[in-house]
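J.: What follows is a predicted protein model with its sequence.
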Amino acid sequence: MHAAADPHARRIRVLVAKVGLDGHDVGARVIARGLFDAGMEVIYTGLRRTTAEVVRAAIDEDVDWIGVSTLSGAHRVMLPKLRRLLDENDATDIRIIAGGVIPQEDIPELIANGVSRVFLSGTPVAEIVDYLVQETPRA
């Protein structure tokens, strides 16, 4: 049995978000469904959310992770801002993963600014599930 599907384990909670003006969410919905099918609790924010809306939802829903899907090129601004807002709201335990169209050369800067991991377009959902299972502290 996959660790995420263990009925006795605390379920991993993930908020999947589309921040900014990016209006394409097929990838985000595929990831959300894959995480759900793996036994995680998934909250999907829908399109065109602000970083403040995402942080508020993440805190309200008591999630372990925020997964941001980005295709718009705004990742270098929005992801560090998301981390900063989480920290300012004493939500330092909520971690961020990102995916979508992100140039390889931007990844080190994102990691340095609080993104735990970047999954490039085409990453198998199972790889994301495995990462979340391995990296989520068990209470």
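T.: Structure received.
J.: from here on, contacts and neighbour counts on C-alpha atoms
T.: Noted.
J.: element containing the residue nearest the centre of the chain?
T.: Centroid-nearest residue in the chain: Gly67, 1.1 Å away (criterion: CA atoms, centre = their mean). Per DSSP states H and E, Gly67 falls inside strand 65-70.
J.: In whichever helix or strand comes after that strand, which residues are buried?
T.: Using DSSP H and E, the helix or strand that follows strand 65-70 towards the C-terminus is helix 75-88. Neighbour counts over helix 75-88 (16 or more other CA atoms under 10 Å) mark His75, Met78, Leu79, Pro80, Lys81, Leu82, Arg83, Arg84, Leu85, Leu86 as buried.
J.: could you check the angle strand 65-70 makes with helix 75-88?
T.: Here the directions of helix 75-88 and strand 65-70 differ by 160 degrees (axes from the mean of the first three to the mean of the last three CA atoms, to 10 degrees).
J.: For the remainder of this discussion, apply numbering that starts at 328.
T.: Sure, I'll start counting at 328 from here, so that last one is helix 402-415.
J.: So what are the sheet partners of the strand holding Gly394 and their directions?
T.: Strand 392-397 has the following strand partners under DSSP bridges: strand 340-344 (parallel), strand 422-427 (parallel).
J.: Now tabulate those strands in CSV and tack on distance to Thr463.
T.: Conversion of these to CSV gives the following (distance: least, CA to CA, whole Å):
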stretch, distance to Thr463
strand 340-344, 10
strand 422-427, 9
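J.: on that earlier part again, wait, doesn't the residue nearest to the centre of the chain sit right on Ile423?
T.: Yes: assessed by CA atoms under 8 Å, Gly394 is found in contact with Ile423 at 5.9 Å.
J.: can you tell me how far the residue lying closest to Ile429 once chain neighbours are set aside sits from Val381?
T.: Excluding its sequence neighbours, the residue lying closest to Ile429 (CA to CA, 6 or more residues apart in numbering) is Leu447, at 6.7 Å. Computed as CA to CA, to the nearest Å, the Leu447 to Val381 distance reads 21 Å.
J.: quick one, which of these two is more surrounded?
T.: Val381 (23 against 16; other CA atoms under 10 Å).
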